[in-house]
Each structure stands twice: as structure tokens, then as C-alpha cells.
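Novice: Need the 3D shape of this:
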Amino acid sequence: MTDSPFPDDIAELAARVSNWGRWGDDDQLGTLNLLDDAAVRRGLACATTGRTFSLALPLSADGPQMGFIKGRRNPEHTMFTLHMAMGDAPGAPAWNDDSITMGTQSCTHWDGLAHASYGGHIYNGFSADSVTEHGASRCGIDLVGAVVSRGVLLDVARANGVDRLDAGHAITSDELDAAAELAATAIEPGDIVLVRTGHMQLFVAGDRRAYAIGAPGLSLDTVEWFHRHDVAAVATDNLIFEVFPGARTDVILPVHFLHLVDMGLTQGQNWNLEELADDCASDGRYTFLLSAPPEPVAGGVGAPVHPVAIK
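Specialist: Coordinates of the predicted model:
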């Protein structure tokens, strides 16, 4: 490991959860290595009814970005070919084509492991300089491939007896345990965990600003929980992923750095878990087959995803 710019307690936590070298010195996938055949079969066994749930937000100019992060633009849709006829005859066959300009992490997405660095390194000790203006030459999102496993919804809001947690609510490991108890499910290595806070309700209701400026989310207390349970990836239903504003004033977004740089744990944001959560509460089943491969953006440090849960 490298010298840490973080306070001693966070540096010590980073050392405890580090996965550097666990899957070899050349590993660029991190915890996605846990997506083995057994994890996929466990997910397949959950798909008993055929009910499907889209967990993605529309790619729209009215997406969750409010301009707070430079360059992270909501999708801009443009028609560049409109009714291009193949010939002059009335009713001739014709084509329409369109394009999208967007930040790769502007809507429902995965953060790749090259998204963050500290101490001059990204995950597994690769140099931060491996990410250039041309993209990531190490730990790029295009290396990820298929992301299919058993998904587990941890509905922290429901486990707390509320529809939506307040912005600034710091989710603890005890709350994750309570949500797992509500789900009557033991987390197994290779599971993909979806953490519901209910914050997505603000965005769906049209209050984009409230959705963007703060969030309930995962706290530093949960980092060892995810490491201990060998979770393959984790996604949440908010813009920021971790709690914001956080309890600490001496470090900003520490969970991002420990997950991505030290653990090699892929993170997802802006996942709409509302319909899935209602169904899970209705039938008491909080596990499902999850298919969520990122778009293979060459050298990308993140990518849009259209996750689908199948029950």
C-alpha cells in the first residue's frame, strides 16, 4: 500500500479491507472476480416467476445531474437523420437516426475502479498516471464484461419503518444486518447488493434539486461489512452513493476511495429500486437474478447500465 492522505483511523480501515494482490498483482477487476459460476447459478435459481424489473432511469436531458459536477452532463438526444428516403417515389422506405451526448456516469451507472485514486494509485497499486486524457489503460470499465449474479435488495428504509430515509442519514452495518433480516437472506460471496434508501422517490416526484444536493447513504461503518461478506458489487438509489453531507469534515466521500481504490469494489448510483422494492415487500422475496453489465466504454472510468432484476 501507499502512504495515505487520510486520518489514521481511515488509513487503518483501508489496510484492513485492502484486496490488493488478492487475485494477483495484475488483477484489474477487484471484487467482480467473485462473480463465479456458483454465484450465477444462485441467481438463476431465484428467477422462478419470470417477472422483470427495470432499474434504470431514462437517458434524458431531465436526468439527475444539476451541474454540480463539471462535465457530467445529462444525456442530450439529437436526431441527425430524419425521414431520409431511399428514392424519390411517394412512400419510399426511409430512415431515422439519432445520437446521445452524455457523461458516462450521469444517469444509472457503474463506477469503474479507475474512477478514483489516492496516494498516486488506483486499485491494486496501479499508478494513477495510468489514467490519461485518452482514458484508463488499467482497470477500465471495458474489462468488466458480463455482470450477472444473485441480487439481494437490502431495503434499509423499510427495515427502519419509513418510506424514505432523510438526507444525511448515515447507514450503519447494524442497519444492513436489519435489512438482511427483513429479507430473510444471508449474504453470500459473489452477491450483488442493492441498498434502498427511498431517496429515488424525490427524483421520481420531480424534485431534482433535493435529490441532488444531499442523500442518505452508506457510512464508513459499513465498509468492513461489505468486505467481510465478499460482496461482488453494490448499488444505491441516490446520486452520491454514500451519505452526504457526511459526519466527517476532515475527508470528503471516504467510502468511494476505500471501495474503489482499496477493495476494488464496483459501485453503482442512480438505480431506481422503487418498483422492485414494492414487489419484494409484497411477496417477501428479496433475492433475484440480476443482469447489469456496463456498456463496454473503451478506457472508460464508468459506464451507463440498464440493470434488470428477474424474479
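Novice: In this structure residue 267 contacts residue 259, no?
Specialist: Yes. Here residue 267 reaches residue 259: they are 5.7 Å apart, a contact under CB atoms under 8 Å. No exception for glycine: its C-beta is placed from N, CA and C like everyone else's.
Novice: more neighbours, the two?
Specialist: Between residue 267 and residue 259, residue 259 has the larger neighbour count (other CB atoms under 10 Å), namely 31 against 23.
Novice: what sits against the residue nearest to that one when sequence neighbours are not counted?
Specialist: Closest residue to residue 259 apart from its sequence neighbours, by CB to CB, 6 or more residues apart in numbering: residue 265 at 4.2 Å. By CB atoms under 8 Å, 6 or more residues apart in numbering, the residues touching residue 265 are 30, 31, 226, 227, 231, 233, 234, 259.
Novice: Kindly report the same for residue 74.
Specialist: 60, 61, 62, 63, 64, 65, 102, 103, 106, 107.
Novice: repeat that with 7 Å
Specialist: For residue 74, the contacting residues are 60, 61, 62, 63, 65, 102, 106, by CB atoms under 7 Å, 6 or more residues apart in numbering.
Novice: How about residue 114?
Specialist: Going by CB under 7 Å, 6+ apart, residue 114 touches 122, 131, 136, 138, 139, 140, 301.
Novice: Make CSV from the residues you listed and add pLDDT, secondary structure and neighbour count to it.
Specialist: Shown next, in CSV, are the contacts of residue 114 (pLDDT from 0 to 100; DSSP: H, G, I helix; E, B strand; the rest coil; neighbours: other CB atoms under 10 Å):
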residue, pLDDT, secondary structure, neighbour count
122, 98, coil, 27
131, 98, strand, 22
136, 98, strand, 25
138, 98, coil, 20
139, 98, coil, 26
140, 98, coil, 23
301, 98, coil, 21
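Novice: According to the record, where do the domains of this structure fall?
Specialist: Domains of the chain are assigned by automatic domain parsing as 8-57+108-310, 65-103.
Novice: what's the most buried one of these?
Specialist: Of these, the one with the most neighbours on average (mean count of other CB atoms under 10 Å) is domain 8-57+108-310, at a mean of 20.
Novice: Would you pull up how far it lies from the middle of the chain?
Specialist: When distances are taken as CA atoms, centre = their mean, to the nearest Å, domain 8-57+108-310 is centred 4 Å away from the chain's centroid.
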